[in-house]
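Asker: Fold the following.
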Amino acid sequence: MDGVSGPSTQSQPSFDKSRVLDVKPLRTLVPMFPNPPQAPPFVCSSPFGPFPSGFTPFYPFSMGPPGSQTGGEARPQDGGGATYATPAAAVPLRSFGTPQMGAHFSNGDTGSSMEASRDLHFGDGGATPASGSKRRGASRAAPKVQSGDAAAQRKARKIANAASAGEIRKPNLTNVVGLPQAHREDGNREVVNYVIMKFDAVRRRLSQLEDSKEASTGLIKRADLKAGNILMTAGFRTNSRKRIGGVPGVEIGDIFFFRMEMCVLGLHAPSMAGIDYMTVKTEAEDEPLAVSIVSSGGYDDDAEDQDVLVYTGQGGGNYNNSGKAASDQKLERGNLALEKSSRRGNQIRVIRGIRDTSNPSLKIYVYDGLYTIQESWIEKAKSGANLFKYRMVRLPGQSPGFGIWQSILKWKESVSSRPGLILPDLTSGAESLPVSLVNDFDNEKGPPYFTYLRSVKYTKSLNLSEPTYGCNCHSACAAGDLNCSCIRKNGGDFPYTSNGVFVSRKPLIYECGPSCPCFPNCKNRVSQSGLKVRLEVFKTKDKGWGLRSWDAIRSGIFICEYAGEVIDKAKYDRDETSDYVFDTSRDFDKSFKWNYDPPLVGEDTAESTEDYDIPTPLIISAKDSGNIARFMNHSCSPTVIWQPIVYEQNGESQIHIAFYAMRHIPPMTELTFDYGISQSDTRRKRCLCGSPKCKGYFG
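Answerer: Residues are numbered from 1 along each chain as shown. Down below sits the predicted model:
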């Protein structure tokens, strides 16, 4: 599966390969860079705006830190006696005479404003409509606050006032302590997960604040750039020491929804350009060598083979539908680095951009492992321009990356092609998306029979300490609308971003329910909207049946709720086993923090609690009746978090347990959550999660 393909069978180009392969470039071809201000080794290339009103770019997106001096410091590395200088990719693109960026970006490569960048793509929130388009509620007058909790009203007014002014406060990083210097230079898996979760927590909060603005300014929402800017300035970054080969803590198959995520993890330095490289100092000359590339469809790459990638160089007039006059690519910058790497045979990290099935206009970036350049040549494009082509071959023996995505595409086209398939839909149509039942491990034909339920089933009324009531919205609830009682009950915050991403854990989240007059597709009903990712129940090696997804899941996305029958403690105590039971009275890890740090987004230093406040203990049994959540196994390092949700149904307030992705989850990764620890020793079981943080038991 990971073997190297044989010689290329494509027709040979009509151009003399010696132009690239056999003739040593003239000294004048070595790119000449202006001296930049001093920066740490590995600085993410800045897009240089445009920045929204009220946001001033600071280091590393400004030219340099206050008081920085010019010049660079070489850093010795392992191998070959060569010395590696500060990477040339850290030099701002404008230094190369790149055309200025326009006032607005769009998703994808557009026009000559991106000539120096290769495969520039933004994730969700990466762009808003230009002037002339309006968001819902743009002309709405300041809402009147109705009766409700006074503290929530004060917080809601504060948020509304800041949002209506079109401003988000600058972060106060005076007392913020980032990672230790050793972890900033070299990470590990734990550090990488910590940094990426902190990045997304800040990004979610910034997106939430943007959504609450009362008027559209026509500027671009770039919460990802802001979050990356803040974290790198505060010292929440890792693997800043540029290197050839793998990046500590980043695993093959890891996924990213924003280019800035790769920057803060040290996987790929430029936030825009598709080729990242560093300078190797040798006795003869300084040579640029490529360390990573991103292939995401902006150029004419041949990227269908899971082991071979034909990569197109940067520059020239080969942008899709740009209307730019054709021009030849030049052997400089990233192209020169790839050519030098072809001669030296050094390993290059490859990140593939794959279209997001939930939003085809966006990309998911997949780290596909290490490649080497086997061949390079010049090829004439349809536009008439000469392009550099590089045939990159995946090193054998690596775990599958892009190949998993190709297999899943085949399964979606024909579910019968899935090896080990037992049932194409375990739910028999009860869910909006089918859930496959698969066993490619042994001969077991499926779990014991149970009745499928889509939601929790209450056999008697739940007496909440405080009565709730539905909102009075007659369209769809809108972020920042303080007339909405459900928003006020949530402390003035809309619990989700505009695209349905859960922002922060709370003691309780209030959603609109069937008793509310707002539209059924209101974005405050996320946990009631059914499955959004294609799941499968599969047989594990030693933990029975488990649950995983065919789709990539981004952090904060709703997965499912825990369905079953609500039972009282007396009935639970009579049951000798604790199989298929969710018990909110168990002890859960309170040291884990998922929410953002308020100082990083310019808020007060007081942290919001992540401890759940459920009015009455809730025990849900899915032993006889339940849904796919009953198949999620325990892990001491889970991929999923749970959150209690309250909404009105049949005239009563009911609590539901909703599951959200803790971090980005690659396809075919098992979905797990922390079962907690019971106060009764008799219910505890030996843990087989295999995590470095394994406590040894659960339940």
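
Asker: what's the single longest helix in the protein?
Answerer: With DSSP state H applied, the helix covering the greatest number of residues in the chain is identified as helix 189-211.

Asker: Summarise which helices and strands that helix is packed against.
Answerer: Using 3 or more C-beta pairs under 8 Å, 6 or more residues apart in numbering; DSSP states H and E as the contact definition, the elements that helix 189-211 packs against are helix 150-164, helix 223-234, helix 259-265. C-betas here are computed from N, CA, C, even on glycine.

Asker: Select from the ones you listed the stretch with the lowest mean pLDDT.
Answerer: Of all the helices and strands packed on helix 189-211, helix 150-164 carries the lowest average pLDDT, namely a mean of 53.

Asker: quick one on the thing from earlier: and the angle from the longest helix of the chain to helix 223-234?
Answerer: 130 degrees (axes from the mean of the first three to the mean of the last three C-alpha atoms, to 10 degrees).

Asker: Mind listing what's buried along helix 189-211?
Answerer: The neighbour-count check on helix 189-211 (16 or more other C-beta atoms under 10 Å) flags 191-211 as buried.

Asker: cool, and stretch 687-699?
Answerer: By neighbour count, and taking 16+ other C-beta under 10 Å as the criterion, the buried residues in stretch 687-699 are 687, 689, 697-699.

Asker: Next: stretch 239-255.
Answerer: If you call a residue buried by 16+ other C-beta under 10 Å, then stretch 239-255 has these buried ones: 239-244, 246-250, 252-255.

Asker: what's the answer for stretch 539-552, then?
Answerer: Of the residues in stretch 539-552, those scored as buried under the neighbour-count criterion (16+ other C-beta under 10 Å) are 539-540, 543, 545-552.

Asker: so how many other residues sit close to residue 514?
Answerer: Burial measure for residue 514: 13 neighbouring residues, criterion other C-beta atoms under 10 Å.

Asker: re earlier: and the buried residues of stretch 539-552, which of them are in strands?
Answerer: When DSSP state E is applied, the buried residues of stretch 539-552 are split such that 539, 545-549 fall in strands.

Asker: Can you list the strands that the lengthiest strand in the chain pairs with?
Answerer: Assignment by DSSP E gives strand 359-380 as the longest strand of the chain. Paired with strand 359-380 in the same sheet, following DSSP bridges, are strand 255-256 (antiparallel), strand 348-356 (antiparallel), strand 386-394 (antiparallel).

Asker: Could you check how far the first one is from the centre of its chain?
Answerer: How far strand 255-256 lies from its chain's middle: 5 Å, per C-alpha atoms, centre = their mean, to the nearest Å.

Asker: go on, the second one?
Answerer: Offset of strand 348-356 from its chain centre (C-alpha atoms, centre = their mean): 13 Å.

Asker: repeat for the last one
Answerer: The chain centre lies 28 Å from the centre of strand 386-394; the measure is C-alpha atoms, centre = their mean.

Asker: Who are the packing partners of the next helix or strand after it?
Answerer: Following strand 386-394 in sequence order, the next helix or strand is helix 402-413 (DSSP states H and E). When contacts are defined as 3+ C-beta pairs under 8 Å, 6+ apart, helix 402-413 packs onto strand 348-356, strand 359-380.

Asker: which residues sit against helix 402-413?
Answerer: Residues external to helix 402-413 that are found in contact with it (C-beta atoms under 8 Å, 6 or more residues apart in numbering): 1-2, 253, 306-307, 352, 354, 366, 368, 417-418, 534, 550-551, 666-668.

Asker: Just the buried residues of it, please?
Answerer: The neighbour-count check on helix 402-413 (16+ other C-beta under 10 Å) flags 402-405, 407-408, 411 as buried.

Asker: repeat for stretch 372-380
Answerer: By neighbour count on 16+ other C-beta under 10 Å, the buried set for stretch 372-380 is 372-379.

Asker: Looking at those, which one is closest to residue 226?
Answerer: The shortest distance between residue 226 and any of these, using C-beta to C-beta, involves residue 373 and amounts to 35.9 Å.

Asker: Who are the contact partners of that closest one?
Answerer: Residue 373 makes contacts with 338, 341-342, 345, 348, 390-393, as judged by C-beta under 8 Å, 6+ apart.

Asker: What of residue 284?
Answerer: By C-beta under 8 Å, 6+ apart, the contact set of residue 284 is empty.

Asker: Make 604 the starting number, not 1.
Answerer: New numbering, starting at 604: the last item is residue 887.

Asker: Give me the distance between it and residue 939.
Answerer: Using C-beta to C-beta, to the nearest Å, we find residue 887 at a distance of 15 Å from residue 939.

Asker: Do you have the strands of the stretch 1054-1203 of the chain handy? List them.
Answerer: 1054-1055, 1112-1113, 1138-1142, 1148-1152, 1161-1164, 1168-1170, 1184-1186 (DSSP state E, counting those that start in this stretch).

Asker: now for these, which one comes closest to residue 1255?
Answerer: Each of the strands of the stretch 1054-1203 of the chain was checked against residue 1255 via C-beta to C-beta, and the shortest separation belongs to strand 1168-1170, namely 12.2 Å.
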